[in-house]
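Asker: Fold the following and give me the result.
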Amino acid sequence: MNSRAQRVFVAIWIALAVFLVLRTGPRDRGVIIDHLEFGRRLIAGEELYAPYLEDKPLHPVYPPSFGLLTAPFAACGERAARWLWGLAQVLALAVVLRALARALADQRPDLARATHVLLLLTIVLLSRYVLRDAHGGGGNLINLAFAVAAFCAAEARRPLRAALLLGFSLATKPTMALLVPVFFAMGHGRAALGSLAALVGFVGIALALNGQGLAPFRQWLEGSLAYAAQTDLFAPPAQGFPPFAWMNQSLRCMVARVFGEVPAEFAAQVPGFVPGLGLSATTCAWIARIANVGIAGITVLAAFRARGDAARRAFAFAAALAAGVLLSPISWKAHHVALLPCAFALGAAASASRRARLAWLAFFVACTAGGGDLVGDAVKEWQQSLYLATLAAFALFAWSVRLALRRSAHCGGTQVVRSPGVSEREPDTGVG
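Answerer: Residues are numbered from 1 along each chain as shown. Sure thing, here's the model as predicted:
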């Protein structure tokens with residue numbers, strides 16, 4: 001490994017870590033305020049979803065067990081909690097990058113000298129989303145770190161550790177629920193089933209701490225199901241769930257925009273808005289549901305087909321993370337940090353493939369360079385109305401699925417990056 005390149009990377013990483021923490025610590029606003037209040041209420045035994053700011057319910061999209069993540073920070077006081085939360089996000093990013101680096105060293109030792117460059121390219125490619133998550137304090141990097149660590153533990157034949165990590169991830173922010181059937185399809189049956197048991201356990205702990213019985217969980221579940229089943233996405237949702245906004249880059253929002261009819265008040269927010277096809281809200285809802293079922297089914301199939309090959313399982317895992325961004329009813333920009341494994345693999349492929357280099361550049365220009373800080377809010381709204389982030393996530397999903405289904409562990413001349421420390425043994429199915 002090039003020691004000079006390593007020193008340069010360490011210097012850049014330290015500067016980035018300090019920058020991310022400084023963007024979070026001194027702030028006097030942001031979603032982290034709600035996070036801390038949520039955790040405080042869980043421990044204090046107060047009503048979790050009561051009106052808080054502007055007469056709106058407090059974080060109805062999060063299950064009661066989300067407070068298990070935020071309560072320790074709330075106990076430190078707001079100012080200290082901000083700094084500690086920023087540090088936690090940096091550590092989470094480090095966990096993800098370290099797993100990617102170890103995977104590359106394990107699978108492609110010939111690219112070991114380029115590891116630091118590839119990691120930097122990965123951060124640059126998703127910098128808009130990394131900065132958004134760290135700045136807003138959304139915790140998506142933390143959630144991703146738990147999921148990546150769970151996958152590495154499952155691949156290393158440590159199903160109990162994998163179950164606890166994945167179970168905690170699902171209990172605090174269940175946006176990656178697709179990983180449960182994906183783990184099972186890969187052959188990590190014990191980890192998958194154990195994660196469900198851990199999920200139940202963490203939810204039970206949260207409800208016991210709150211002391212309000214099943215009422216908070218029932219309220220969250222009813223609101224979530226109603227929100228997921230909502231036909232007209234432009235209508236105000238029930239129980240204080242977030243109304244339609246252009247920054248929600250979920251697949252179902254893109255379907256409603258492209259195939260449906262956008263109300264005038266939302267169309268007026270976008271310069272040069274091009275109307276959709278004008279189909280009914282019911283028709284659009286069914287199109288989105290069919291697309292969601294198809295993506296979920298393809299993801300599980302890819303995981304099943306890849307179960308005998310560690311390299312292909314890594315691509316199936318990356319595809320599942322991208323699918324989670326697409327399938328979630330809410331996919332803010334910060335949620336797209338889940339694409340970090342896909343972005344790293346794309347960078348590795350770009351070292352030997354002109355097509356992959358063009359794909360990397362197209363993603364950067366269309367998504368990363370379209371932030372409001374660079375191009376202004378008007379252009380940002382126009383970019384979001386085109387759902388370029390959704391299209392990019394779908395492209396990375398389709399590419400990862402294709403590689404997971406391939407018999408050869410090569411992509412454009414570059415072998416697929418697989419999880420670290422894993423042999424080509426048959427996975428532990430946990431069945432029979």
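Asker: what about L69, which helix or strand?
Answerer: Assessed by DSSP states H and E, L69 sits inside helix 67-74.
Asker: now the helix or strand that that helix is followed by and helix 67-74, what's the angle there?
Answerer: Following helix 67-74 in sequence order, the next helix or strand is helix 78-107 (DSSP H and E). For helix 78-107 against helix 67-74, the angle between stretch directions is 120 degrees (axes from the mean of the first three to the mean of the last three CA atoms, to 10 degrees).
Asker: Please point out which parts of helix 78-107 sit buried.
Answerer: Judged by neighbour count using 16 or more other CB atoms under 10 Å, the buried positions of helix 78-107 are 81-86, 88-90, 92-93, 95-104, 106-107. Just so you know, the C-beta spots here come from the backbone N, C-alpha and C atoms, and that holds for glycine as well.
Asker: what's the answer for stretch 394-410, then?
Answerer: 394-397, 399-401, 403-406, 409.
Asker: do stretch 185-196 as well
Answerer: Here stretch 185-196 shows 185-195 as buried, counting by 16+ other CB under 10 Å.
Asker: Show residues contacting it.
Answerer: By CB atoms under 8 Å, 6 or more residues apart in numbering, the residues outside stretch 185-196 that reach it are 150, 153-155, 159-160, 162-164, 166-167, 170, 179-181, 183-184, 300-301, 303-304, 306-307, 313, 316-317, 426-431.
Asker: For the helix or strand hosting E222, give me every contacting residue.
Answerer: Assigned by DSSP H and E, E222 belongs to helix 215-229. By CB under 8 Å, 6+ apart, the list of residues contacting helix 215-229 from outside reads 47-49, 60-64, 203, 207, 210, 237-241, 329.
Asker: From those residues, list just the buried residues.
Answerer: 48-49, 60-64, 203, 207, 210, 237, 240-241, 329.
Asker: Filter these down to just the ones in helices.
Answerer: The members of those that map onto helices under DSSP state H are 203, 207, 210.
Asker: isn't the first one right next to A171, touching?
Answerer: Yes: using CB atoms under 8 Å, V203 makes contact with A171 at a distance of 5.8 Å.
Asker: Overlap of the contact sets of the two?
Answerer: What both V203 and A171 touch, as defined by CB under 8 Å, 6+ apart, is the set 63, 65.
Asker: what residue is smack in the middle of this structure?
Answerer: A338 (3.3 Å; CA atoms, centre = their mean).
Asker: how close does it get to L118?
Answerer: Note on A338: its distance to L118, by CB to CB, to the nearest Å, is 18 Å.
Asker: Kindly report the same for W246.
Answerer: The gap separating W246 from L118 is 32 Å, by CB to CB.
Asker: who's more crowded, these two?
Answerer: Each of W246 and L118 has its neighbours counted (other CB atoms under 10 Å); L118 has more, 24 against 19.
Asker: what number of residues lie near G201?
Answerer: G201, neighbours per other CB under 10 Å, totals 15.
Asker: and it, what is it in contact with?
Answerer: G167.
Asker: pLDDT wise, what is it at?
Answerer: On pLDDT, G201 comes in at 98.
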